[in-house]
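In: would you be able to build a 3D model of this:
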Amino acid sequence: MNTNMKWVTWDQAAITALICFVVTMLLRRLPTTKWRARIIPVTTELSLISALYTLWRLAMKLSLDQPSGAIERARQINHFQHWLHMPTELSLQQFVLRYDWLAQATNFYYAVFHVPAMILFLVWIFIRHRDKYPRWRSSLAMLTAACLVIRYVRVAPPRFLPELGYIDLATRYGLSVYGPVGTGVSDQFAAMPSIHVGWAAIVSLGIVFSSTSRWRWIYLSHLLITVLAVSATGNHWWLDGVAAIAILGLALVIDRFVRNITNKDPTLNFSNGGQSSN
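Out: Next up is the predicted model:
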């Protein structure tokens with residue numbers, strides 16, 4: 001039986017953003033105390049992240065379910081990958097389908113892990129590496145915004161090409177993040193670029209470049225597993241992930257450029273994770 005994943009709705013996120021904003025404004029009017037200084041950055045970031053999440057979910061509700069050109073673009077990507085002699089997503093899918101436990105685990109990873117992993121990462125970096133937090137939060141916002149704009153160019157995922165042998169693992173094992181075309185948590189015809197891969201890259205690279213632990217490199221496995229999962233489930237082409245990582249790279253460059261400018265003029269430094277500039 002196919003069970004659609006349920007996440008926080010846009011209106012729930014909007015209410016959270018408003019409450020956190022009001023709490024922040026009230027706290028700023030109170031006398032300066034140690035607990036106030038700790039709470040304000042938290043409520044500020046919760047308000048911002050909830051507002052960004054609201055905009056993301058609202059954008060996903062736009063009527064973009066027209067499949068015009070989506071299937072043909074998918075075929076073009078498939079042909080281009082063959083021209084590049086890249087391994088096919090179909091071979092990976094056929095491999096995981098040999099083992100029922102592996103197919104179920106792959107489908108579960110795709111459907112469940114990307115949002116909790118991002119939430120845990122943001123909480124971790126905010127608490128443990130506050131100075132690095134603004135860079136990765138801003139890059140997350142830019143990456144997600146770019147993906148929402150690019151989705152206007154409709155691209156179907158591999159599972160929409162059953163004539164090539166692809167199947168939808170969510171149809172077989174459940175835990176779908178998709179409803180009918182144009183509904184659900186995610187968009188059926190927004191395969192390019194892959195937000196799953198982009199978010200996994202932020203989590204993995206954010207940990208690697210922020211942490212000093214010798215074990216930090218193991219978290220690159222989240223990005224690797226995500227790339228394999230999105231392809232094996234028939235939800236993305238390899239190039240969908242490549243595009244997402246390229247956009248993240250551009251977002252990090254833009255963030256560094258803006259940060260260099262604001263560092264030269266402290267009055268412009270408004271992206272500091274809720275802390276006052278020195």
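In: for the rest of this, base every contact and every neighbour count on C-alpha atoms.
Out: Fine.
In: tell me the SS of the residue of the chain most remote from its centre?
Out: Distance from the C-alpha centroid of the chain, by C-alpha atoms, centre = their mean, peaks at residue 31 (38.3 Å). When classified by DSSP: H, G, I helix; E, B strand; the rest coil, residue 31 comes out as coil.
In: please tell me how far it sits from residue 122.
Out: Going from residue 31 to residue 122 by C-alpha to C-alpha, to the nearest Å gives 29 Å.
In: for the residue nearest to residue 48 when sequence neighbours are not counted, the count of nearby residues, please.
Out: Once flanking residues are discounted, residue 48 sits nearest to residue 17: 6.8 Å by C-alpha to C-alpha, 6 or more residues apart in numbering. Neighbour count for residue 17, taken as other C-alpha atoms under 10 Å: 24.
In: which secondary structure element contains residue 17?
Out: Taking DSSP states H and E as the definition, residue 17 sits inside helix 10-28.
In: buried sites along that helix?
Out: 10, 13-14, 16-18, 20-21, 23-24, 27 (16 or more other C-alpha atoms under 10 Å).
In: quick one: mean pLDDT for that helix?
Out: Averaged across helix 10-28, pLDDT comes to 87.
In: which secondary structure elements does that helix contact?
Out: helix 34-60 (3 or more C-alpha pairs under 8 Å, 6 or more residues apart in numbering; DSSP states H and E).
In: flag the shaky bits of the stretch 151-278 of the chain, pLDDT-wise.
Out: For the stretch 151-278 of the chain, the stretches flagged by pLDDT under 70 are 174-187, 264-278.
In: how about the helices in it?
Out: Here the stretch 151-278 of the chain has its helices, by DSSP state H, counting those that start in this stretch, at 169-173, 195-210, 220-232, 238-264.
In: report the inter-axis angle for the second one versus helix 220-232.
Out: Taking axes from the mean of the first three to the mean of the last three C-alpha atoms, to 10 degrees, one finds helix 195-210 and helix 220-232 inclined to each other by 170 degrees.
In: show me what helix 195-210 is packed against.
Out: For helix 195-210, the packing partners by 3+ C-alpha pairs under 8 Å, 6+ apart come out as helix 114-128, helix 133-150, helix 220-232, helix 238-264.
In: ok, the most centrally placed residue in the chain to residue 22 distance?
Out: Closest to where the C-alpha atoms of the chain average out (C-alpha atoms, centre = their mean) is residue 199, at 3.4 Å. Note on residue 199: its distance to residue 22, by C-alpha to C-alpha, is 29 Å.
In: which residues touch the residue nearest to residue 48?
Out: The contact partners of residue 17, by C-alpha atoms under 8 Å, 6 or more residues apart in numbering, come to 46-51.
In: farthest-separated two in these?
Out: Among the contacts of residue 17, the pair separated by the greatest distance (C-alpha to C-alpha) is 46 and 51, at 8.3 Å.
In: pLDDT at the nearest residue to residue 23 once chain neighbours are set aside, what is it?
Out: Of all residues not flanking residue 23 in the chain, residue 43 sits nearest, at 7.1 Å (C-alpha to C-alpha, 6+ apart). We have a pLDDT of 88 for residue 43.
In: thanks a lot, catch you later.
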